[in-house]
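S.K.: I would like to see how this sequence folds:
(2 chains)
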Amino acid sequence: AQSVTQLDSHVSVSEGTPVLLRCNYSSSYSPSLFWYVQHPNKGLQLLLKYTSAATLVKGINGFEAEFKKSETSFHLTKPSAHMSDAAEYFCVVSDPINAGNNRKLIWGLGTSLAVNP
Amino acid sequence: DGGITQSPKYLFRKEGQNVTLSCEQNLNHDAMYWYRQDPGQGLRLIYYSQIVNDFQKGDIAEGYSVSREKKESFPLTVTSAQKNPTAFYLCASSMWVAATYNEQFFGPGTRLTVL
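M.R.: Predicted coordinates for the structure are as follows:
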């Protein structure tokens, strides 16, 4: 069965310092993995996705994530935080089309990122 | 502009009333979804539809109903049977048939408050 765990519910960094948001997953298949961002009272925007191509995935706004199968992890990083990065971040896992579960998305509970001036 | 629109942005309802949330997309996507978001609980799937005139229950369908009469539209009705309807509701869409992975695109959401 699929599952996803975001290891930190809240992360606080100073502006200009690196960001690390941790995500572990469980899947019986070769999953697709996504990171979405949600600013307060807004919809969700896709940051980046892993779909069995390159294991280091670059996304928008300077974010990237590395798929590590041996560690079942898909951590999100950014070298230098900006005030506008303050938001909620969700890690999501989806099985491939042949898994038979309608490619349902399994959502993590989210990590709230605060960026201090 | 291509995208997903949801209306209204804020909605207030009295207990015992049904209310319908609108979701429209012009992305020509096959599949559409409704999620509910509560603080600290992530997103939970209410209903989804892969094709016109067909839809499936998600994880928390009780007290909700949907229809899919047009490809572009997937309205959600929150009925009086839904015991705790106050929440943020998000609509999403994705390509279904052609895609091998399920990247979903989201609308801006509707915040429903029951008074």
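S.K.: Tell me the bridge partners for residue A:107.
M.R.: On the basis of DSSP bridges, residue A:107 is bridged to residue A:92.
S.K.: Return the residues in contact with it.
M.R.: Contact analysis of residue A:107 by Cβ atoms under 8 Å, 6 or more residues apart in numbering or on different chains lists A:4, A:90-92, B:42-44. Heads up, the C-betas are built off the backbone N, CA and C, glycines and all.
S.K.: Which one of those residues is nearest to residue A:117?
M.R.: Using Cβ to Cβ, residue A:90 comes nearest to residue A:117 of the contacts of residue A:107, at 25.2 Å.
S.K.: for residue A:110, what are its contacts?
M.R.: Contacts for residue A:110 (Cβ under 8 Å, 6+ apart) come out as A:6, A:9, A:38, A:88-90, B:40, B:42.
S.K.: What distance do you get for the residue most central in space within chain B to chain A?
M.R.: Closest to where the C-alpha atoms of chain B average out (Cα atoms, centre = their mean) is residue B:34, at 2.6 Å. Using Cβ to the nearest Cβ, to the nearest Å, one gets 13 Å for the distance from residue B:34 to chain A.
S.K.: Just grab the bridge partners of that residue for me.
M.R.: Beta-bridge partners recorded for residue B:34 (DSSP bridges): residue B:47, residue B:91.
S.K.: Check residue A:13 too.
M.R.: Note on residue A:13: beta-bridge partners by DSSP bridges are residue A:115.
S.K.: Could you report the neighbour count for it?
M.R.: The tally of other residues near residue A:13 (other Cβ atoms under 10 Å in any protein chain shown) stands at 18.
S.K.: same question, the one 5 residues further on
M.R.: The criterion is other Cβ under 10 Å. On that basis, residue A:18 has 11 neighbouring residues.
S.K.: Roughly how far does it sit from residue A:85?
M.R.: Going from residue A:18 to residue A:85 by Cβ to Cβ, to the nearest Å gives 11 Å.
S.K.: Could you report the neighbour count for residue 47?
M.R.: Just going to use chain A. The burial count for residue A:47: 21, using other Cβ under 10 Å.
S.K.: oops, chain B please
M.R.: So residue B:47, with other Cβ under 10 Å, has 22 neighbours.
S.K.: if I read this right, it contacts residue B:62, doesn't it?
M.R.: No. Judged on Cβ atoms under 8 Å, residue B:47 makes no contact with residue B:62 at a distance of 11.0 Å.
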